[in-house]
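Peer 1: the amino acid sequence is not available; the structure is as follows:
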């Protein structure tokens, strides 16, 4: 009785059908025609035979022969946060163009799980790692383990290797300058990150700028919360229910700001007539919520492309000096910010004079 299964074509089948040597097929497969002279006609014939036979090379065998795994590992903190989706999009585009596969893992913003996954990824047969961590700094043990693996590592918010760092300081200054120009005098900063050090480039500038403008207790006007959209909602609900109510919320990221918009609506407040909301990241949804969100933009897709190019360059040239990337931010004004309520401004000035 004949088996109904079809035998998978092998490299030997390609050699026989194309009438060439095994070395020729191997060099065409690995794009190494420079090692022996292969005519364009021969190369096209080999590729056409592969297509006709439906031949797929065994990537594991290729990795063993070349010493280069055509797989990149990626760790992100939270699969549910669209902030990281754009980054993955850029990373996947570049890995695909370079002929690499991508393995994605997420830590659910849990430090212990993050370290477990880094160790698990470092044990796999991969060419390199891109780490987008929830921690500001990795433990010395993890850093040493990664270095001992000999694989290139690119960190996003994770110094210790080649890394990308976004500095929101200038964007934060621009956002606060704009809100102050609109007459706002009662601010609250909603701060929800897994590691408080990650948000210092925004929080420190917030406190510094407001102190310089005559608000000495700016550090008290900070509401610390969790990192999920519900946390942003609850934090905004709390601060907007207080008297006197803040007229401007500066929120650590767009996801929490969307929760804050919902909270303001549920309290019967109009944005920006009663309260202005400004944020950071510029998620795709931020220009579609009502009202559209004023935000400091970081091009996450461009970040993904840039860190992947850096990793691929490191794979080609392991002796490169340490690299640090920093892409600019951009302050984008939309509908969620407007002039401070006039009666609130008069009341606040009266208190400050008194």
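Peer 2: All right, it came through fine. Bear in mind that the values here come from a model prediction, so they are computed numbers and not experimental data.
Peer 1: and the closest residue to residue 283 other than its chain neighbours, how far from residue 152?
Peer 2: Once flanking residues are discounted, residue 283 sits nearest to residue 254: 4.4 Å by C-beta to C-beta, 6 or more residues apart in numbering. For glycine as for every other residue, the C-beta is placed from the backbone atoms N, C-alpha and C. Using C-beta to C-beta, to the nearest Å, residue 254 is found at 31 Å from residue 152.
Peer 1: go on, residue 90?
Peer 2: 18 Å.
Peer 1: compare the two (neighbour count), which wins?
Peer 2: residue 152 (23 against 20; other C-beta atoms under 10 Å).
Peer 1: on the pLDDT front, check that one for me.
Peer 2: pLDDT for residue 152: 90.
Peer 1: my read: it touches residue 320, true?
Peer 2: No - counting by C-beta atoms under 8 Å, residue 152 does not reach residue 320; the two are 9.4 Å apart.
Peer 1: spit out the residues that contact those two alike.
Peer 2: Residues touching both residue 152 and residue 320 by C-beta atoms under 8 Å, 6 or more residues apart in numbering: residue 314.
Peer 1: quickly list the domain ranges of the protein.
Peer 2: Here the domain parsing of the chain from automatic domain parsing is 12-57, 67-164+300-328, 169-293+334-353.
Peer 1: so how far is residue 286 from residue 236?
Peer 2: 16 Å.
Peer 1: who's more crowded, these two?
Peer 2: residue 236 (30 against 23).
Peer 1: my read: the more buried one touches residue 263, true?
Peer 2: Yes - with contact defined as C-beta under 8 Å, residue 236 and residue 263 form a contacting pair (3.7 Å).
Peer 1: what sits closest to residue 183 if chain neighbours are left out?
Peer 2: Closest to residue 183 by C-beta to C-beta, 6+ apart is residue 340, at 4.0 Å.
Peer 1: ok, the one you found - contacts?
Peer 2: With C-beta under 8 Å, 6+ apart, residue 340 has these contacts: 182, 183, 184, 185, 247, 248, 276.
Peer 1: most widely separated two among these?
Peer 2: 185 and 276 (11.8 Å; C-beta to C-beta).
Peer 1: quick one: common contacting residues for those two?
Peer 2: In contact with both residue 185 and residue 276: 247, 340, using C-beta under 8 Å, 6+ apart.
Peer 1: these two - which one has more neighbours?
Peer 2: residue 276 (27 against 21).
Peer 1: what sits against that one?
Peer 2: By C-beta under 8 Å, 6+ apart, the contact list for residue 276 reads 179, 182, 184, 247, 248, 249, 294, 336, 337, 338, 340.
Peer 1: repeat for residue 332
Peer 2: 282, 294, 295, 296, 297.
Peer 1: that one and residue 274: what is the separation?
Peer 2: 22 Å.
Peer 1: do the same with residue 288
Peer 2: Distance from residue 288 to residue 274, by C-beta to C-beta: 22 Å.
Peer 1: quick revisit: from the contacts of residue 276, which is closest to residue 163?
Peer 2: residue 294 (28.9 Å).
Peer 1: can you pull the buried residues of the one helix or strand residue 119 maps to?
Peer 2: When elements are assigned from DSSP states H and E, residue 119 belongs to helix 111-123. For helix 111-123, a neighbour-count test (16 or more other C-beta atoms under 10 Å) marks 114, 115, 117, 118, 121, 122 as buried.
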